[in-house]
Each structure stands twice: as structure tokens, then as C-alpha cells.
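[1] sequence first, then the predicted structure, then my questions.
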Amino acid sequence: MTSIETRSEGEPHLHRSLNLRGAVALNMLDMIGVGPFITLPLILAAMGGPQAMLGWILGAGLALCDGLVWAELGAAMPEAGGSYAFLRTIYSGADGTRKLGRFLAFLFIFQLTFSAPLSVASGCIGLSQYATYLWPGLAGHTVSHMAHVASYSVGVAAGPTTLMAIAAVLVAVFLLYRGLTGLRVVAAVMWCSVMALIAWILVTGLVHGHIVQAFTFPAGAFSPTPGFFLGLGSAMLIATYDYWGYYNITFLGGEVKDAARTVPRAILISIALVAAMYLAMNVSVLAVLPWQGIVGAHDLAARRAVISTFMEVAYGPRIGPTLGKVAAVLVMVTAFASVFSLLLGYSRIPYAAARDGNYFRIFGRLHQKGFPHVSLLVLGAAAICFCFFSLADVIAALVVLRILLQFLMQHVGVIYLRRSRPEMKRPFRIWLYPLPPLLAIAGFSYILIERANFQREILGAAVVVVVGTIVYAVRERVRTEMKVV
């Protein structure tokens with residue numbers, strides 16, 4: 001998707017051809033993906049009823065606060081390439097000599113080798129869940145085991161659905177390993193599938209649903225009890241996972257027309273459109289499917305493939321099952337396209353860092369067909385490992401890693417950059433500064449700790465930080481010794 005021009009000096013450079021419409025479309029593709037089609041049962045279960053929509057609303061507010069931070073950084077550094085360069089620039093000082101920037105940029109890439117496969121695995125697990133609607137036999141013959149580490153536990157499962165999820169990873173890697181570059185075709189298929197499915201859901205809910213049912217709250221739904229706030233934290237974590245992607249345009253800053261204006265607008269427009277879409281879609285589903293059945297363990301089909309069950313109930317026994325299968329196919333197409341594009345994009349980030357000399361050199365290798373095959377294979381192998389875990393655990397680990405080792409560092413960083421480099425050109429400035437970054441810090445911190453067993457994911461992130469720090473220190477020492485020699 002990258003177009004190249006040649007400067008008069010003969011050096012290639014990225015051509016700024018991406019306009020606002022294209023930027024918004026790319027952001028929305030990355031935001032929607034398969035998330036809203038697989039997480040509705042999770043977010044309802046987190047709060048025990050439709051009051052979980054409060055998580056969507058607060059999640060949208062949190063996304064807006066965070067999006068303003070990305071907007072300022074992306075407009076100020078349109079060639080930066082996203083968080084890797086943001087962190088390196090912010091924490092390197094005005095003269096670029098401070099090593100903290102290099103270290104935090106490395107740590108971001110190091111966590112990405114875990115969080116990127118987690119993101120890919122979540123799409124593959126979602127795909128396998130909808131496959132059970134088409135082939136119910138896939139849901140059986142699953143072996144589950146609880147793995148215990150100290151006082152914490154995590155569920156591991158293996159069965160036909162696991163194999164389906166792994167197969168999705170392998171097919172995506174196979175296609176990408178053959179040097180497939182038709183991302184525009186994949187993106188177009190994904191966009192059409194997502195938009196068609198969402199439009200279908202909205203119309204179906206409006207015609208066949210009862211809107212009042214969507215707002216039938218259980219007794220004490222909004223009572224400010226400890227359980228309410230724990231559930232809200234879990235609901236916001238899931239909503240955060242579904243909203244993420246509005247910052248995708250910052251990674252393409254060098255290809256955006258009038259980036260100083262386009263990047264902030266694309267971020268804010270995509271957040272507003274997707275938030276409205278999510279809320280309307282969830283109301284439509286709950287207007288047809290009683291939330292009690294989705295939350296209850298007795299309706300496993302609705303929990304695995306909620307959109308297919310929604311279509312089946314809405315259209316009745318004659319054509320409902322057929323339309324449910326059509327919906328399942330659309331979701332699976334969307335899920336696979338998401339996995340394909342995620343692996344394509346993520347595999348380039350460790351490669352770029354390696355070429356920059358700030359990551360393992362082996363990740364900087366290119367296949368003879370012109371793609372970073374080592375990076376692709378490593379991320380694919382890690383994604384396969386994560387396919388054995390539950391969707392809820394995968395999402396929780398992914399969100400916590402990204403918050404601690406990317407988002408919070410940027411929120412603190414944008415405030416620090418205002419003070420350390422006041423002379424820097426900022427075409428877009430955060431509205432009501434410094435309130436949005438402070439609210440984002442508070443909101444993400446709430447998500448981190450206001451959940452049941454929150455220590456488990458934070459402990460995992462701490463392990464990544466410790467190991468990453470040790471690896472960075474060893475690499476720097478080796479580099480220094482090699483320079484001396």
C-alpha cells in the first residue's frame with residue numbers, strides 16, 4: 001500500500017497520498033475488526049446485564065482522551081512511525097543524547113512481540129467460535145486444564161476449536177510468506193463485510209426487536225457496590241480492546257496528505273463514528289436476544305456466536321438458521337482478514353526497529369521476495385501458543401501489556417514533552433490540556449486495578465519488563481564492548 005517517489009537526489013521517499021477519507025477508513029477497519037462480534041457476551045457477563053453499556057460509553061470517553069494524545073504526537077511527528085519513534089524522541093532529550101528514549105523504544109518493541117500475537121490470537125479464537133455455529137461438532141472433545149502459577153491460575157484448552165484457531169494463523173502466515181501484497185483487496189473485502197454486517201444488524205434490530213428489552217436492567221444494576229465497580233473495570237477493559245485502532249494512522253504519518261490536519265481529524269472522527277456504531281449495534285442485539293440468555297451458562301451457542309444466534313432468533317425457525325450461517329461466514333471472513341492485516345502490519349515493526357539498530361538483528365532479515373520472514377514467523381509462532389488460552393484471558397493480557405508499556409508512557413510523555421521542548425511545533429494541541437492525558441492516565445489505571453484477579457496480568461507485564469530490561473542491558477553491553485574492540 002506504500003507508494004514510493006524518488007527525490008531529485010535519487011533517494012526514495014514515501015509519497016503522501018493518503019487523504020482524510022482514506023485515513024478514517026483505515027482507522028475504522030483497524031478499530032472494528034472482529035472485536036464487537038465476539039466480546040458482547042464478555043462485556044455483558046462482566047456487569048451481569050445491559051448496564052454493561054456504561055462500559056462502552058465510558059470506554060468511548062477514555063478513547064477520546066487517549067486519542068487527543070495520539071493526535072498531538074502524530075501531528076507533531078508525522079514521519080515518526082508511531083509509538084516506537086514517539087517514545088524514542090520524547091525521552092531522548094532535546095539533544096537526542098539521553099539513553100532513556102532508546103531503552104523505552106526497545107521495551108515497546110519487546111512487549112509488541114507478545115501483545116501483537118495476543119491480538120492475532122484473539123481474532124483467531126473469535127473465528128473458531130463462530131465456526132462452531134456452522135459445525136457444532138467442533139465445540140466438543142475439548143480438554144481443559146487450569147495452570148497454576150503461585151496463587152494465580154489460567155485456563156488452557158485444546159480441542160477442535162483450538163485447531164481451527166491455529167489453522168487460521170497458519171493460513172495467514174502461509175499467504176504472507178508467499179509474498180502476497182494484495183492488502184488492498186483484503187482490506188476492501190474486510191470493509192465490505194464489516195459494514196454490510198453492521199448495517200444488517202441495525203436494520204434487523206429495528207424491524208424485529210423490542211428496544212425496551214435492551215434497557216430492562218436487573219434489580220440494583222447501578223448500585224455503587226464494590227461488585228459494580230469491579231464489573232465496570234472489566235467491562236471498560238473489554239471496551240478498550242474493541243475501540244483500539246484509532247491511532248493506526250500515526251504509523252502511516254509519512255504517507256498522509258497534510259498530516260498536521262489530517263491525522264488529528266482522522267483519529268477523532270473514527271472514534272466518534274465507531275462509538276456510535278458500537279452502541280447502536282449492541283442495543284439492536286439486546287432488543288432481539290434477552291440478555292439473561294447471553295449471560296447465563298445455559299445458552300452456550302449465544303455466547304460463542306452471538307450475532308448468528310441473534311439472526312436465528314430475529315428471523316424465526318424457517319430462515320433464521322440459514323441467515324445465522326450467513327452471518328457466521330461474514331464474521332469469519334472479517335476475523336481472518338483482520339488476522340491477515342494484523343500479521344502483515346505487526347511483522348514490519350520489529351523489522352524496522354532491527355534495521356534501526358535497536359532490536360535483534362535477525363528480525364531485520366528480508367526474504368528474497370521482499371518481506372521480513374523472521375519477524376513474521378516469530379509472531380505467528382507466538383500467536384499459535386496463545387490460541388490455547390481463553391478469549392477473556394487473551395484480551396486481558398493484551399490490554400494490560402499495551403496500557404503499561406505503551407499508552408501510559410505516552411500520556412506521561414506528552415506532558416513531559418510540553419515542558420522539555422516547548423519550542424517544538426505542535427500543529428494540533430490537546431483540547432483542555434492537561435485534562436485529557438490526566439483523565440486517560442486515571443481511566444487506564446482504573447482498568448488495570450479495578451478488576452477481579454487484576455494482579456495476574458500485571459505480574460505478567462512485570463515479567464515482560466524485567467526480562468526486556470535484562471535483554472536490553474546485555475545487548476547494550478555487548479554493543480559497547482564491540483565498539484571498544
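    Sure, I can see it.
[2] now Leu343. Its backbone dihedrals?
    Dihedral angles phi and psi of Leu343 (degrees, to the nearest 10) take the values phi -60, psi -40.
[3] state the pLDDT value of it.
    At Leu343 the predicted local distance difference test score is 85.
[4] what's around the closest residue to it other than its chain neighbours, how many residues?
    In space, Leu343 comes closest to Ala172 once its chain neighbours are excluded; the distance is 5.3 Å by CB to CB, 6 or more residues apart in numbering. Bear in mind the C-beta positions are built from the backbone N, C-alpha and C, glycine included. Ala172 sits with 26 neighbouring residues when counted by other CB atoms under 10 Å.
[5] next: the one 5 residues further on.
    Using other CB under 10 Å, the number of residues around Tyr177 comes to 15.
[6] any idea how far it lies from Gly364?
    Counting by CB to CB, to the nearest Å, the gap between Tyr177 and Gly364 amounts to 17 Å.
[7] worst-scoring helix or strand of this structure, pLDDT-wise?
    When the helices and strands of the chain are compared on mean pLDDT, DSSP states H and E, strand 4-6 comes out lowest with a mean of 38.
[8] does Asp242 touch Gly35 like I think?
    Yes. In this structure, Asp242 sits in contact with Gly35. The criterion is CB atoms under 8 Å, and the distance is 4.0 Å.
[9] what's the average pLDDT for the strand or helix carrying Gly468?
    Using DSSP states H and E, Gly468 sits in helix 454-484. The average pLDDT for helix 454-484 rounds to 88.
[10] same deal with stretch 158-175?
    Across stretch 158-175, the per-residue pLDDT values average to 91.
[11] buried ones in it, by neighbour count?
    159-162, 164-169, 172-173, 175 (16 or more other CB atoms under 10 Å).
[12] now the residues you listed as JSON lines including secondary structure and distance to Val400?
    Conversion of the buried residues of stretch 158-175 to JSON lines gives the following (DSSP: H, G, I helix; E, B strand; the rest coil; distance: CB to CB, whole Å):
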{"residue": "Gly159", "secondary structure": "coil", "distance to Val400": "27"}
{"residue": "Pro160", "secondary structure": "helix", "distance to Val400": "29"}
{"residue": "Thr161", "secondary structure": "helix", "distance to Val400": "25"}
{"residue": "Thr162", "secondary structure": "helix", "distance to Val400": "23"}
{"residue": "Met164", "secondary structure": "helix", "distance to Val400": "26"}
{"residue": "Ala165", "secondary structure": "helix", "distance to Val400": "21"}
{"residue": "Ile166", "secondary structure": "helix", "distance to Val400": "24"}
{"residue": "Ala167", "secondary structure": "helix", "distance to Val400": "28"}
{"residue": "Ala168", "secondary structure": "helix", "distance to Val400": "24"}
{"residue": "Val169", "secondary structure": "helix", "distance to Val400": "22"}
{"residue": "Ala172", "secondary structure": "helix", "distance to Val400": "25"}
{"residue": "Val173", "secondary structure": "helix", "distance to Val400": "26"}
{"residue": "Leu175", "secondary structure": "helix", "distance to Val400": "31"}
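[13] as JSON lines, those residues with distance to Ala121 would be great.
    Putting the buried residues of stretch 158-175 into JSON lines (distance: CB to CB, whole Å) gives the following:
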{"residue": "Gly159", "distance to Ala121": "15"}
{"residue": "Pro160", "distance to Ala121": "17"}
{"residue": "Thr161", "distance to Ala121": "13"}
{"residue": "Thr162", "distance to Ala121": "11"}
{"residue": "Met164", "distance to Ala121": "12"}
{"residue": "Ala165", "distance to Ala121": "7"}
{"residue": "Ile166", "distance to Ala121": "9"}
{"residue": "Ala167", "distance to Ala121": "13"}
{"residue": "Ala168", "distance to Ala121": "10"}
{"residue": "Val169", "distance to Ala121": "8"}
{"residue": "Ala172", "distance to Ala121": "12"}
{"residue": "Val173", "distance to Ala121": "13"}
{"residue": "Leu175", "distance to Ala121": "17"}
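[14] show me which of these is closest to Phe222.
    Out of the buried residues of stretch 158-175, the one with the shortest distance to Phe222 is Thr161. That distance is 35.8 Å, counting by CB to CB.
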